[in-house]
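A.B. asks: structure of the sequence below:
(2 chains)
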Amino acid sequence: MSHSQYPRPPKFLLRFFRWYCHPDYQEDIEGDLLERFEQRLNSEGVKKARWGFYKDVLRLLRPGIIRSWYPHQLYHYTMFENNLTIALRNLKKHRSYAAINMLGLTLGIASAILIFIFVKYHLSFDTFHTDTDRIYRITTELHLEDIDHTWGVPSPMAQAIRNDFTFAEEVAMVTHLSDKLITIPSGQDQEKFKESIAFAEPAFFNIFNFPLARGNQHTVLLEPNTAIVTERTAQKYFSEEDPMGKTIRLGNRIDFVITGILKDLPTNTDRPQEIYLPYANLREYSPGLDEEGWWYSTNRGRQCFVRLKSTFSSTEVNQSLLTIPEKYYTEEEAQIWNFTLQPLSDIHFNPDLGGYVEKKNLWALALIGLFLVITACVNFINLATAKALSRSKEIGVRKVLGGLRRQLFWQFIAETTLITMLALVVAIILAYIVLPYVNQLFDLPLSLQLFQDIQLLTFLSLLLLFAIFLSGAYPGLIMAGFKPVQALKGKLTQQHIGGFSLRRGLVITQFTISQLLIIGTIIIANQMRYAQQADMGFQQEAIVMLPRPEGGISAMDALHNQVSQLSGVKQATFCNAAPASGLNPTTAIRFDTRTEEESFLIYLRAGDHRYVPTFGLELIAGRNLQPSDTVREYLLNETAVKKLGVAVNQEVIGKNVTINGKVGIIVGVVKDFHNKSLHEAIDPIYITTLSSNYGSCAVKLNLADLSSTMAALENTWKEISPNQVYECDFLDEQIAQFYELDNLMLRLIQIFASIAIIIGCLGLYGLVLFMASQKVKEIGVRKVLGAGVGNILWLFGQECARLLIIAFGIAAPLGWWLMQNWLENFTYRIKIEPEIFALAMVTTFLVATLTAGYQSLKASLANPVDSLRNE
Amino acid sequence: MSKHHLGEFEEIVMLTVAILHGRAYGVAIIDEIESRLDRKVSIGSLQTVLRRLENKGYLDSEFGEATKQRGGKRKRYFTVTNFGKQALQEAKDQRLSLWNAIPTIAFNPPS
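C.D. replies: Predicted structure coming up:
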């Protein structure tokens, strides 16, 4: 009776049984199992027979039947010891291969570790609060021509939510202000500090987990004129003295008594303010920031946070928030205003709402890390398969002596493990050494705590496994699969070990990764250069921004008079912000005799009559503003004129316009200038003499003798404004900060591209080294038959060149597509020119030539007598 | 307590092995128990008992010839050792003495 025609019992169960069963019992019990299966098959059918087999196998799984594992462990241990010895011998014998592999893996793994902690750091932002999934920020959408998103809200938002809705467990307003003057009135020499502060409602601390080190959590910020500060700040202000009950003074006007000390804030929060003041004092400090019942303005510093009750979902709440515009705005305005929830977990990553870094950037970085590890593993596979041939005798003998495929496979994995573990240890040490520099370079607070960080440990274990199997499995399988007779007779050829095609594929992968990164680097660098050197439409060099001095218009006049007399100063102007700035207040505009307000918001640049000449703005119609301290005349930019729907700039001159409720005459039109980074389009802008808004003094300098001019500026300023903190920033540096994140990405990619290239070169070097040793005889014969050095070099060169070109064929379109996507982030951007690709190609080609060149040259210069003398 | 203690299932298995006399291998034992005692026996429970009895020295086993049935796997035939026979005898004697000690009146009450 042949079994093949009959249904067989499930194979995996049989295999499972064989695995667990005691080897002495295995044969007859298996026979019993099969017999029972056949019995059931005949009497009850296939299904029942299979089911019965399944039950039998499971029921056999008991102490009396299963194999005992103990003796096998002993056996494994000796094998393990043996594998280790062989592995160590192999490493010693092939030092250069081992070094290449180790170095590549070390670089790859160290980069992966650093990328991991970087990504983890960003993903951890504000995750330490309780019930983070129920914490939301209320954001404002303005449905104008485009939908305008802002994370600021109108003043009465929290009050309205408290009165009208039941969904909130806690609601709190908080207003962040940066660069505010704090003094210590009790201090001897009146120290002055510029700080980021926050006015917050008490509920803020019920929503966010910023615990107090001292003071009463329940009464915090309830009383006006109280303050809580972090331990660090307290230490800074009062050093060793007890800070509780001490007074700090804000803006030389309002005193606050410290009633609580916050524990120092974690670095991974987007609320870095270290001084909290009661919301009740906000109106006194700045009436414009807390206007009762005023629904018509938002401010990015003024935010509203809620923690929802667990019974409400965010979709429900978003639905109920729709009723706010209906209730507090006119029907028309309700079409424009809209409020939605933004989850806390979105705040760090949402670029539309002030998020620091987009998640896709983090994933891109993680992908680069993965690439680096893969490149290093590819080196390993390449060299190992290339080397496999030289080990064929060893493998043949092992097989003849009864070595199983499985055992040989694990032997090879053991060797890989050894190298990978060594690389891992070195990589960890390297990461520890490099981390402080990375932190310094990128201004990061990252820390590497290997043994406290379970996620990192898990990551490293997984990375280790990944690297071991990726690099060890394929060569292991190949070697374990050698036919012993062929191996011992020395009849194995390259074809038996995956041939060149696999290694070619791997080298192409490496070249592709390197070229992709090079293309990325070049394009990002070009775009950055373009952004930083682009004509912004105004002068940004040699302009220094000072704070406005204390003491009204007379102080400003005094400062201007004195500063203008300094020999190094060309010109000075008072303004709310430089032409390009992060400060972008907006307001509504009504033109001429039109009855309706325009459907776009217009951006304010408050500046005196010297604003246009100081910044070198170009007037293309009309004239400049007349000196004034109040709003009388307006300048518009081209975009504003275009948005008003007026075709000719000249036509708006002399027309009345109502902006922010104030009527004035348009006296001129300025040429468009960039008012934000090149990521964004130019906005409609008006310039007017609104002296109450001036916050800065921009001074145009003569760069000769800069240091004495700067010193003179500081002295002059301090004389006029002795109670304030003097600060000065160069405008071009401020503008460079727009591209902080872009520059960070650029530097990261530059570094990783270099590492990828180094790893790739190591692999190529190893491969050429191997090729040269394999082809010693061939080269000898060729030379004897008359080949010159050039021919031999070409032998090596053509192979490399072909691989490079194929890799380029993959990398170029992929790089073009990826970088085109990245460039879409910029409204003003470079074109991707063919030169960029040519440059990437030439770079890799040069690097490859340099790497492979030496070994190839050595091989081609060798005297054929030496290689052919012995057979 | 006697030094040979046999569990109830162990006793049944040994008796069945004795019944089959030279033809006692896994499946045959199961079939025999199932037909005589109307009792379901799994390979797992039978095999553990067989191995245990063999370890104790009550049973002995040897492989038969391989045949084309059973996927070519040999059968393991069990036989009862002398020591095993002693243990069975002892178990039977103990039962009998217990039976004999039952007063007649207990099972046959006077009517």
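A.B. asks: C-alpha only now, for contacts and for neighbours.
C.D. replies: OK.
A.B. asks: now the residue of the stretch 501-650 of chain A found nearest chain B: which helix or strand?
C.D. replies: Residue nearest to chain B within the stretch 501-650 of chain A (CA to the nearest CA): A:Leu502, separated by 41.6 Å. Taking DSSP states H and E as the definition, one finds A:Leu502 inside helix A:499-533.
A.B. asks: ok, and the closest non-adjacent residue to A:Leu103?
C.D. replies: With sequence-adjacent residues excluded and distances taken as CA to CA, 6 or more residues apart in numbering or on different chains, A:Leu103 is closest to A:Ala423, at 7.3 Å.
A.B. asks: in the stretch 1-150 of chain A, which ranges drop under the pLDDT threshold?
C.D. replies: Within the stretch 1-150 of chain A, the stretches with pLDDT under 70 are A:1-6, A:69-77.
A.B. asks: circling back: and the residue nearest to A:Leu103, helix, strand or coil?
C.D. replies: helix (DSSP: H, G, I helix; E, B strand; the rest coil).
A.B. asks: quick one: it and A:Ala98 touch, right?
C.D. replies: No - assessed by CA atoms under 8 Å, A:Ala423 is found out of contact with A:Ala98, at 10.3 Å.
A.B. asks: give me the more crowded residue out of these two.
C.D. replies: Legend: neighbour count by other CA atoms under 10 Å in any protein chain shown for A:Ala423 and A:Ala98, higher for A:Ala423 (24 against 19).
A.B. asks: residues touching the residue nearest to A:Leu103, list them.
C.D. replies: A:Met102, A:Leu103, A:Leu105, A:Thr106, A:Ile109 (CA atoms under 8 Å, 6 or more residues apart in numbering or on different chains).
A.B. asks: let's see that with 6 Å instead.
C.D. replies: When contacts are counted by CA atoms under 6 Å, 6 or more residues apart in numbering or on different chains, A:Ala423 touches A:Met102, A:Leu105, A:Thr106.
A.B. asks: which of these are buried? Put it as a ChimeraX command.
C.D. replies: In ChimeraX, a selection of the buried entries from those looks like this (16 or more other CA atoms under 10 Å in any protein chain shown):
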select /A:102,105,106
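A.B. asks: mind putting the contacts of A:Ala423 into a markdown table with distance to chain B and secondary structure?
C.D. replies: Formatted as a markdown table, those follow (distance: CA to the nearest CA, whole Å; DSSP: H, G, I helix; E, B strand; the rest coil):
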| residue | distance to chain B | secondary structure |
| --- | --- | --- |
| A:Met102 | 51 | helix |
| A:Leu105 | 50 | helix |
| A:Thr106 | 52 | helix |
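A.B. asks: so which of the contacts of A:Ala423 would you say is closest to A:Trp19?
C.D. replies: A:Leu105 (36.0 Å; CA to CA).
A.B. asks: do you know how far the residue of the stretch 501-650 of chain A closest to chain B is from A:Thr509?
C.D. replies: Computed with CA to CA, to the nearest Å, the distance linking A:Leu502 and A:Thr509 is 11 Å.
A.B. asks: compare those two (neighbour count), which wins?
C.D. replies: A:Thr509 (23 against 14).
A.B. asks: please name the nearest non-neighbouring residue to the more buried one.
C.D. replies: A:Thr509's closest residue in space is A:Ala807 (CA to CA, 6+ apart), at 6.9 Å.
A.B. asks: in the strand or helix carrying that neighbour, what counts as buried?
C.D. replies: Using DSSP H and E, A:Ala807 sits in helix A:789-823. By 16+ other CA under 10 Å, the buried positions in helix A:789-823 come out as A:789, A:792-793, A:796-797, A:800, A:803-805, A:807-808, A:810-812, A:815-816, A:819, A:823.
A.B. asks: following the chain past it, name the next helix or strand.
C.D. replies: helix A:834-861.
A.B. asks: how about the strands in chain B?
C.D. replies: For chain B, the strands defined by DSSP state E cover B:59-63, B:76-80.
A.B. asks: just checking, what packs against the lengthiest strand in chain A?
C.D. replies: When chain A is parsed with DSSP E, its longest strand is strand A:168-183. Secondary structure elements in contact with strand A:168-183, counted by 3 or more CA pairs under 6 Å, 6 or more residues apart in numbering or on different chains; DSSP states H and E, are strand A:192-200, strand A:247-250, strand A:302-308.
A.B. asks: what does chain B have sitting close to chain A?
C.D. replies: B:Val27, B:Gly44, B:Thr48, B:Arg70, B:Lys73, B:Arg74, B:Lys75, B:Arg76 (CA under 6 Å from any CA of the partner chain).
A.B. asks: chain neighbours aside, what residue packs nearest to B:Val17?
C.D. replies: B:Ala24 (5.3 Å).
A.B. asks: how near is that neighbour to B:Ala91?
C.D. replies: 21 Å.
A.B. asks: more crowded one of these two?
C.D. replies: B:Ala24 (24 against 18).
A.B. asks: shaky segments in the stretch 751-871 of chain A?
C.D. replies: A:870-871.
A.B. asks: helix or strand for A:Phe574, just tell me which one.
C.D. replies: A:Phe574 belongs to strand A:569-575 when assigned by DSSP H and E.
A.B. asks: what mean pLDDT does the helix or strand just after that strand get?
C.D. replies: Downstream of strand A:569-575, the first helix or strand assigned by DSSP H and E is strand A:586-591. If you average the pLDDT over strand A:586-591, you get 86.
A.B. asks: how many neighbours does the residue lying closest to A:Lys393 once chain neighbours are set aside have?
C.D. replies: Spatial nearest neighbour of A:Lys393, chain neighbours left out: A:Leu488 (5.2 Å); criterion: CA to CA, 6+ apart. Neighbourhood size, A:Leu488 [other CA under 10 Å]: 18.
A.B. asks: correct me if wrong: A:Leu488 contacts A:Ile395.
C.D. replies: No - counting by CA atoms under 6 Å, A:Leu488 sits too far from A:Ile395 to count as a contact (8.3 Å).
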